[in-house]
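Peer 1: Got a sequence here, can you build the structure:
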Amino acid sequence: MKLSGKVAVITGGARGQGAAEAELLAANGAAVIIADVLDEDGDATAARINEGGGRAVYVHLDVSSPEDWTALTTMVERDFGGVDILVNNAGIALRQGLDSTALDDWQRILAVNLTGPYLGIKAIVPLMRRQGGGSIINTGSAAALVGHLTAAYAASKWGLRGLSQSAAREYGPDGIRVNSVHPGLIDTPIVNWDTRFVSAMESATPMGRGGLPEEVASVVLFLASDDASFVTGQDIAVDGGLVSGGIYHRVDRDRNA
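Peer 2: Residues are numbered from 1 along each chain as shown. Got it, this is the predicted structure:
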């Protein structure tokens, strides 16, 4: 029970990777606030956690809305007393190059993937300061570590790295740690509809497969817990070796074919 007595807010926690994180953190003793726009899935995930003996509530939250963040923090402070862990997991993807990306799409990607974590940090940090510290985990992407085929998505995730590093420096004196987790191919609804993309990603990953949401959740648990009490400002890839070895993995395979 690494998180006994802790309170965690997880955005995008209704399904997929976020739901796996909510379930694992709850299983380790945290009270979990699942924040998402997918109300039916969010209610189901919270119910599943509660039925399993954990504590969870679902809250409708558009991460790009300052008003929604104000409502969430008011509720959390009233019902839970504070927040120890914030997982900025909500994100949306768009696989289009720069020329074919409309301004509205560009702004929507940045609003969810970058402005959302900014607003979440601004809203939650005062509660963490009040209790002497906390842990913030931002969900980036392998697209934040290498060049990527999607301009808007890559820009939002590279920007999130900068936000995370700046926040780690700024809030370190408050005992607030800020780290980023960068998944590669993970089996979630955001990618598994596109079998050609999945196949290509698997072939470029040295481990030869996509990851499971639970494998990302385990890294989030580590960063949320006191096991990572001296870890901040870090980028941690959870990608089966894609970023560090994917290019030469393909080169070596094709050379030997």
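Peer 1: Only the buried residues of the helix or strand that contains Asp252, if you could.
Peer 2: Element membership for Asp252 (DSSP states H and E) is helix 242-256. Residues of helix 242-256 classed as buried by neighbour count (16 or more other C-beta atoms under 10 Å): 242-243, 245-246, 249. (Each C-beta comes from the backbone N, C-alpha and C, glycine too.)
Peer 1: Kindly report the same for stretch 167-175.
Peer 2: Within stretch 167-175, the residues that qualify as buried are 167-168, 171, counting by 16+ other C-beta under 10 Å.
Peer 1: How far off centre is that stretch?
Peer 2: 19 Å (C-alpha atoms, centre = their mean, to the nearest Å).
Peer 1: Please apply the same query to stretch 212-221.
Peer 2: The chain centre lies 10 Å from the centre of stretch 212-221; the measure is C-alpha atoms, centre = their mean.
Peer 1: which stretches of this structure form strands?
Peer 2: Assignment of strands within the chain using DSSP state E yields the ranges 7-11, 31-36, 55-60, 85-88, 134-139, 176-183, 235-238.
Peer 1: export these to a markdown table and tack on mean pLDDT and mean neighbour count?
Peer 2: Output for the strands of the chain, formatted as a markdown table (pLDDT from 0 to 100; neighbours: other C-beta atoms under 10 Å):
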| stretch | mean pLDDT | mean neighbour count |
| --- | --- | --- |
| strand 7-11 | 98 | 29 |
| strand 31-36 | 98 | 28 |
| strand 55-60 | 98 | 19 |
| strand 85-88 | 98 | 29 |
| strand 134-139 | 98 | 27 |
| strand 176-183 | 98 | 25 |
| strand 235-238 | 96 | 19 |
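Peer 1: CSV for the ones you listed, including distance to Asp227?
Peer 2: CSV is the format used below for those (distance: least, C-beta to C-beta, whole Å):
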stretch, distance to Asp227
strand 7-11, 15
strand 31-36, 19
strand 55-60, 22
strand 85-88, 13
strand 134-139, 11
strand 176-183, 12
strand 235-238, 13
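Peer 1: Show me what the helix holding Asp252 is packed up against.
Peer 2: Here helix 242-256 touches helix 195-204, going by 3 or more C-beta pairs under 8 Å, 6 or more residues apart in numbering; DSSP states H and E.
Peer 1: just to revisit the earlier point, ok, which pair from the buried residues of helix 242-256 is furthest apart?
Peer 2: Val243 and His249 (11.0 Å; C-beta to C-beta).
Peer 1: circling back: can you flag which of the buried residues of stretch 167-175 belong to helices?
Peer 2: Applying DSSP state H to the buried residues of stretch 167-175, the entries found in helices are 167-168, 171.
Peer 1: residues in contact with the helix holding Asp252?
Peer 2: Helix 242-256 is contacted by residues 142, 145-146, 182, 184-185, 201, 203-206, 237, 241 when judged by C-beta atoms under 8 Å, 6 or more residues apart in numbering.
Peer 1: now swap in stretch 187-201 and tell me
Peer 2: Under C-beta under 8 Å, 6+ apart, the answer for stretch 187-201 is 15-17, 91-93, 95, 184-185, 210-213, 242.
Peer 1: rerun that using 10 Å as the cut-off
Peer 2: Stretch 187-201 is contacted from outside by 12, 15-20, 41, 91-93, 95, 142, 149, 183-186, 209-216, 239-240, 242, 246, 250, using C-beta atoms under 10 Å, 6 or more residues apart in numbering.
Peer 1: again with stretch 203-212
Peer 2: If you take C-beta under 10 Å, 6+ apart as the criterion, stretch 203-212 is touched by 17, 20, 142, 183-188, 191-192, 198-199, 201-202, 218, 238-250, 252-253.
Peer 1: Contact partners for Ala167?
Peer 2: Ala167 is in contact with 117-118, 121-122, 125, 136, 138, 176-179, 232-233, counting by C-beta under 10 Å, 6+ apart.
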